[in-house]
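1. need a structure here:
(chains A and B)
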Amino acid sequence: MGGTQLKKSGMSVGAKQKAAGWGFLIVASAMIVVFSFWPMVSALITSFKTGSAANMKWADPVVFNYTRMFKDKVFMTSVGNTFLYLIIQVPIMLIVAILLAQLLNNKDLKLRGFFRTCIFLPCAVSLVSYSLIFRSLFATQGLINTILMNLHLINENINWLGQTGTARFVIILALVWRWTGYNMVFYLAGLQNIEYSVYEAAKIDGANGWKTFWHVTVPLLRPVIIMTFIMSINGTLQLFDESVNLTSGGPAGTTMTMSHYIYNNAFGTGVANFGYASAMSFFVFIIVAILAVINLKVGDTRD
Amino acid sequence: MTEKKTKIKGNMIQRRLIPSYIFLSIVAFFSVFPLYWMITAATNTTVDVARGKIWFGTYAAENFKNLVANTNLWRSMGNSFLYAIVQTLLCLFVCSLAGYGFELYHDKGKDILFAILLMAMMIPGVATMIPLFTMMSKVHLLDTVWGFVLPAISTPFMIMMFRQNSRNFPPDIMEAARIDGLSELSIFFRMYMPVMKSTYAAAAVITFMNAWNSYLWPRVVLRKNEAQTMPILIANLANGYTVDYGMLMMGVLFSTMPTIIIFFVLQKQFAEGITGAVK
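-> Sure thing, here's the model as predicted:
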């Protein structure tokens, strides 16, 4: 009896319910269209224009901004930098993060909570803050140089942020510091979903710790690994705060990231080159999209 | 006897874990040290900081005085709190409503719409910043709280998080509430919201932190000094010709304190918030 009643009342208000469902999600959806999709279309249109912000006209030829960026040495350097950070930092960070998660997932380990909190702590610090902390630590008259001098490892202060190679090294180091714990949290969550019995079984089969890690943990964590990989790529391609605040893009723009250069073109002092900046930002978008699709494809193949 | 045996076994396990302890201690040390150093530097003179002093000094009050004298500290703190709180409240409301709608009223049309919205995750902030700047300047929202929060209220990440977590919400409750004569909206307010408390907590922590820490968009939309946030304030401090490291680190400390406190008090929710959309 209850069932028929339910059905009846459901039928009579079915349309109402449907409308309510749409009503609930319409505000959020509209806002994403207005503040994400529409700006993207708008950026595409702007990318075919030249002139300063106030009076823009169609570029001649229309793809002028796009051909320009491939000849722009500074932009190409920023693309190279971004990929350098990506290729070196992301694998190191993710491997260390998995390793830490694996160690912390051991039930026999004491002080687990303490270690986890410490390693996770850098996530509580804003990107600007940690950039400034690293910048101060690695200043020519900074703590790192003082320590190295006292240990007699160097004879004179290293100008860490004044040389291309060392400046890039500091950025990568800072990134690893800030994001390893973040990714570890994902892996810890993923590991908690793996039944303990799986490990027992592996032990009975005679697999040692390393073998278990490669043949049990990593395959089971695969979806999480792919997700962290996509997120890291996405984040690295959009690096901005670190480039601006840690090295100021220097020396001579050699550590600048794509987002930093784009920002400078659009809102730097005395420039408002919206057309060119939009074209470059579209380039970033396309790379992000391509890499995300590749990653998802790789993640989809089930063996 | 068995007790003894297990004790011996336990000792052996602990002994085998020694390399783990060493490795974890080293990583933990390096994770915490820069923050520890930031706090000590805030209590030292810039000369002591440069000299490599890593213990607390007595210059904290002086650094603080200089910071207040040279910057808009209280105004920026107030702005940061205002923007972050407004953004958190609106984001939670709008995105939870959407997540609820997408999951509990789902049909083919809504699923397609959801898939389309997810694509917005790939859009880089640097690509939307110019059109959004133009938009905000046209409607005179530059340098306002609305200019800051509007683009960040509805995010695919948050909608997805609420949608995923809504799976735990029993549809039976909805049916029962309907029979009791509750409207669809009051079901959301009276049934859904209380049940989803822990999701709201996790979402609030992560949204607040993101808003507090954001830097690119505020730099674009907040042009005036009076509208600036803490990250902008400390970034400007470091751009002077000579940097007073003691004062700078005092500024960094102020900018970091709220998020560190949240981290320690709500670490579980923070971790859940980060991983929230993946389940």
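
2. Report all helices and strands that the helix of greatest length in chain A contacts.
-> For chain A, the longest helix by residue count, based on DSSP state H, is helix A:73-104. Packing partners of helix A:73-104 (3 or more C-beta pairs under 8 Å, 6 or more residues apart in numbering or on different chains; DSSP states H and E): helix A:112-120, helix A:164-192, helix A:218-237, helix A:258-267, helix B:18-41. C-beta: built from backbone N, CA, C; applies to glycine.

3. can you put these in JSON lines and add mean neighbour count and distance to residue A:36?
-> Below are the helices and strands packed on helix A:73-104 laid out as JSON lines (neighbours: other C-beta atoms under 10 Å in any protein chain shown; distance: least, C-beta to C-beta, whole Å):
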{"stretch": "helix A:112-120", "mean neighbour count": "18", "distance to residue A:36": "30"}
{"stretch": "helix A:164-192", "mean neighbour count": "20", "distance to residue A:36": "24"}
{"stretch": "helix A:218-237", "mean neighbour count": "18", "distance to residue A:36": "14"}
{"stretch": "helix A:258-267", "mean neighbour count": "24", "distance to residue A:36": "17"}
{"stretch": "helix B:18-41", "mean neighbour count": "17", "distance to residue A:36": "34"}
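
4. wait, what's in contact with the residue in the stretch 51-200 of chain B that chain A sits nearest to?
-> With C-beta to the nearest C-beta as the measure, residue B:105 is the residue of the stretch 51-200 of chain B nearest to chain A, at 2.6 Å. By C-beta atoms under 8 Å, 6 or more residues apart in numbering or on different chains, the contact list for residue B:105 reads A:17, A:18, A:20, A:21, A:22, A:24.

5. Restricted to strands, list the residues you listed.
-> With strands taken from DSSP state E, there is no overlap with the contacts of residue B:105.

6. For those residues, which entry has the maximal number of neighbours?
-> residue A:24 (24 neighbours; other C-beta atoms under 10 Å in any protein chain shown).

7. In contact with it, which residues are there?
-> Contacts of residue A:24 by C-beta under 8 Å, 6+ apart are B:97, B:98, B:100, B:101, B:105, B:184, B:188.

8. Where does confidence bottom out across those residues?
-> Ranked by pLDDT, these bottom out at residue B:184, which has 87.

9. Check what contacts stretch A:39-51 and list those residues.
-> A:56-59, A:62-66, A:274-276, A:278-279, A:281-282, A:285, B:123, B:127-128, B:130-132, B:134-135.

10. Check which helix or strand the residue of the stretch 151-300 of chain A found nearest chain B maps to.
-> Nearest residue of the stretch 151-300 of chain A to chain B, counting by C-beta to the nearest C-beta: residue A:281, 3.8 Å away. If you go by DSSP states H and E, residue A:281 is part of helix A:274-300.

11. Can you name every helix or strand that that helix contacts?
-> helix A:38-46, strand A:49-50, helix A:64-71, helix A:218-237, helix A:258-267, helix B:125-138.

12. Can you tell me the closest non-neighbouring residue to the residue of the stretch 151-300 of chain A closest to chain B?
-> Sequence neighbours aside, residue B:127 is the residue nearest to residue A:281 in space, at 3.8 Å (criterion: C-beta to C-beta, 6 or more residues apart in numbering or on different chains).

13. Domain parsing of the chain, as residue ranges.
-> Chain wasn't specified; assuming chain A. A:2-46, A:64-300 (automatic domain parsing).

14. Not quite, go with chain B.
-> B:2-41, B:66-275.
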